[in-house]
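Peer 1: Show me how the following folds:
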Amino acid sequence: DAFAVARDGAGLADLCARLVPLAPGLVALEATGGFETVVAAGLAAAGLPVVVVNPAQVRAFAQALGQRAKTDPIDAAVIARFAQATRPAIRPLPDAETQFLADLVARRRQIVAMIGAERQRETRAPARVQTSIRRLVKALEKELASVDADIDGAVRGSPAWRAKEDLLVCVPGVGPTIARTLLAEMPELGILDRRQIAALTGLAPFTRQSGQWRGKSFIAGGRASVRSALFMGALVATRHNP
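Peer 2: Numbering: from 1, shown residues only. Alright, predicted model coming up:
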């Protein structure tokens, strides 16, 4: 049964009213760059089992089915078949505090990227333009300091997060930035085992072999922001952490 609702409070209420009486075993939403967050939270608050699925995996599943056409009703049916076939694990959604910290960490990452881009432009810009770039970099650095202060306040204001951060930073190579990225974007730490965490981060190598042939293993997928944050820490750890 294909239907559409408005993406607002009334539409979300209508969606919950339709789904709750059906008592579904699973409600699957495709990740859409953050637009799915409010819907997922609303459905979870209504007591529905919600999972957000990877759009790349859904698209590959559609191609495996030979489904080339793409409309909203077709996409919804493919997502439903994907969820039925793969049975993705239902994980609890982050609470409001965790989501707020994740938003702050994401904003910090964006500001750092903007500062890096401006400094790259400065190296090849004429003198008068460099002045403008330096003013903007100065403003961005001020905003970065403000966001860092907000992150510090959020972490230090939570005894549980403070204890986790203190545990993480005792590892050589792990500082506050890595620790807070893990707190915000890897809440499964301490719940899943090390192999599952490695796979979730995209650090578990894929084995490539066929018959007698053995190919080189590669890593791929996972949470790129966590992997990027861990890179420098891993580099330091390989030199200083036996």
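Peer 1: how many neighbours does Arg109 have?
Peer 2: Residue neighbour count, defined by other Cβ atoms under 10 Å, stands at 17 for Arg109. The C-beta positions use only the backbone N, C-alpha and C, and glycine is treated the same way.
Peer 1: show me what contacts it?
Peer 2: Applying Cβ atoms under 8 Å, 6 or more residues apart in numbering, we find Arg109 in contact with Ser225.
Peer 1: In three-state terms, label it for me.
Peer 2: Secondary structure state of Arg109, per DSSP: H, G, I helix; E, B strand; the rest coil, is helix.
Peer 1: and the closest residue to Ala89 other than its chain neighbours, helix, strand or coil?
Peer 2: Nearest non-adjacent residue to Ala89, counting by Cβ to Cβ, 6 or more residues apart in numbering: Val51, 7.3 Å away. Assigned with three-state DSSP, Val51 falls in the strand class.
Peer 1: dump the residue contacts of Val51.
Peer 2: Contacts of Val51 by Cβ under 8 Å, 6+ apart are 26-29, 83, 88-91.
Peer 1: which among those end up buried?
Peer 2: 27-29, 83 (16 or more other Cβ atoms under 10 Å).
Peer 1: okay but Val226 is in contact with Arg180, surely?
Peer 2: No. Applying Cβ atoms under 8 Å, one finds Val226 not in contact with Arg180, separated by 11.4 Å.
Peer 1: Of those two, which one has the most company?
Peer 2: Each of Val226 and Arg180 has its neighbours counted (other Cβ under 10 Å); Arg180 has more, 26 against 19.
Peer 1: just to confirm, which helix or strand has the more buried one in it?
Peer 2: Following DSSP states H and E, one finds Arg180 within helix 176-185.
Peer 1: okay, now the domains of this structure?
Peer 2: 9-86, 96-186, 199-240 (the TED database).
Peer 1: mind checking which of those is nearest Leu192?
Peer 2: Of all the domains of the chain, it is domain 199-240 that lies closest to Leu192, at 6.9 Å by Cβ to Cβ.
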